[in-house]
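>>> Provide a 3D model corresponding to the input given below.
(one chain, ligands or ions: 1)
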Amino acid sequence: METKERLCKLCKTNFTGKQSKIFCSDSCKSKYHFRLNTVTQEATINIDTILHRNRSILLELLGKNGVQKKIERSHLDKKKFHWHFITGYHLNSQNKMVHYVYDFSWMIFSDQEVLLKRLNKKL
Ligand SMILES: [Zn+2]
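Numbering: from 1, shown residues only. Next up is the predicted model:
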């Protein structure tokens, strides 16, 4: 097994070890990942909050056991639904854009209406 001297990615001290090792110790490794995770959480919390709120709005409008419902677009506007925050999208067989917010989806149905669906429940 090849060993080599190198700098720890976190504390920058020299250490020798397996070529694949990038930290001098488990402590540096876990500190590095903790910091990385913290930075990611700080950077994503605002958008996550908006996405979670969008999901709550869809859940509220569709109801606990609802699977599919047409709803006035203005209802979503009134609840301050953030139209541009989605977790995914796809074009359906009619070439209409289906927008996902976690396990819910919405699609512009007409000028006034939006079709809401819940993904995991069977029709
Ligand atoms: Zn280190």
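>>> list the contacts of the residue positioned nearest the centre of the chain.
With distances taken as C-alpha atoms, centre = their mean, residue 87 lies nearest the centre of the chain, 5.7 Å away. Residues near residue 87 by C-beta atoms under 8 Å, 6 or more residues apart in numbering: 51, 100-102. Where C-beta positions appear, they are placed from N, C-alpha and C, glycine not excepted.
>>> now swap in residue 7 and tell me
Contacts for residue 7 (C-beta under 8 Å, 6+ apart) come out as 13-15.
>>> residue 66 contacts residue 118, correct?
Yes. With contact defined as C-beta atoms under 8 Å, residue 66 reaches residue 118; the gap is 6.4 Å.
>>> so what strands line up beside the lowest-mean-pLDDT helix or strand in the chain?
Least confident helix or strand of the chain, by mean pLDDT, DSSP states H and E, is strand 3-7 with a mean of 87. Sheet pairing of strand 3-7 (DSSP bridges) gives strand 14-18 (antiparallel).
>>> which positions within the next helix or strand after the strand it pairs with qualify as buried?
Where DSSP states H and E defines the elements, the next helix or strand beyond strand 14-18 is helix 26-62. Within helix 26-62, the residues scored as buried using 16 or more other C-beta atoms under 10 Å are 28-29, 32, 50-51, 53-54, 57-59, 61-62.
>>> check stretch 11-26 too.
For stretch 11-26, by 16+ other C-beta under 10 Å, it's 15, 17, 21-24.
>>> with that, I have no additional questions.
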